[in-house]
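# dropping the sequence and predicted coords here.
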Amino acid sequence: MIVSDDEFESLLGSFQREAIHLETRDAYGTAVELPHMAKWEAGEPDDLEWLQDWCATLREHTAAGRSVRRARIVSEPLSNYQRWSHSIAHPMVDAGEDIRWVPRHRLTEPGGIVLIPANDFYVFDGRVVVFLTYVGNGLVREMISSTDPLDIAACEDAFADVWKLAIPHRDYSPT
């Protein structure tokens, strides 16, 4: 089922226990982020005020005992997008989001191959998965939800496998 932006925002704000998010792309092109990344690339300061609503939501979730975890699978050396993303992650981590980084090569080490879905996803409370599909330049094409227990279990298992290899944000040094 197609998920609207409003429906997705509602899911981000209303889960009761846990939200997990797997990111698999080296670059994204969200309309919100692009102007801020351009400032970063130009060496201009960014007060990150645009992140404050998300950080407030994270603090509310954390205060209520809810968990928000994000694993970012990245190629090394990092793309400009991921270097920028790393540079702005501290406020989100400080607000309670557990962001971790996984160098892509770790997913195919002998004896430890990790299989992941083809698209980024969120799983909310183990009851719904939302797949984020993108066009080539990194803009969101559409979001698709599923409540099929097999889809949810596959995503939760993939996330757990990736999480085992993940490096906490504060410990990850971009290359």
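The structure has been received and is ready for your questions.

# next SSE after the longest helix anywhere in the chain?
In the chain, taking DSSP state H as the definition, the longest helix is helix 149-165. Once helix 149-165 ends, the next helix or strand along the chain (criterion: DSSP states H and E) is strand 167-168.

# packing partners of that next one?
strand 98-103 (3 or more CB pairs under 8 Å, 6 or more residues apart in numbering; DSSP states H and E). (C-beta placed from N, C-alpha, C; glycine too.)

# what segments of the chain are strands?
Counting by DSSP state E, the chain has these strands, from start to end: 2-3, 18-23, 67-74, 98-103, 120-124, 128-134, 140-146, 167-168.

# and the fifth one, how far out from the chain's middle?
Spelled out, it's strand 120-124. Put simply, strand 120-124 sits 9 Å off its chain's centre (CA atoms, centre = their mean, to the nearest Å).

# same deal with the last one?
Averaging C-alpha positions (CA atoms, centre = their mean) puts strand 167-168 14 Å from its chain's average.

# thinking again about what came up before, can you tell me which of the strands of the chain is most buried?
Each of the strands of the chain was scored by mean neighbour count; the highest is strand 120-124, a mean of 23, by mean count of other CB atoms under 10 Å.

# buried sites along stretch 161-175?
By neighbour count on 16 or more other CB atoms under 10 Å, the buried set for stretch 161-175 is 161-162, 165-166, 169, 172.

# ok, those vs Glu7, which is closest?
Each of those was checked against Glu7 using CB to CB; the closest is Val162, at 25.7 Å.

# so who does the closest one touch?
With contact set as CB atoms under 8 Å, 6 or more residues apart in numbering, Val162 has these partners: 22, 71, 73, 102, 107, 114, 116.
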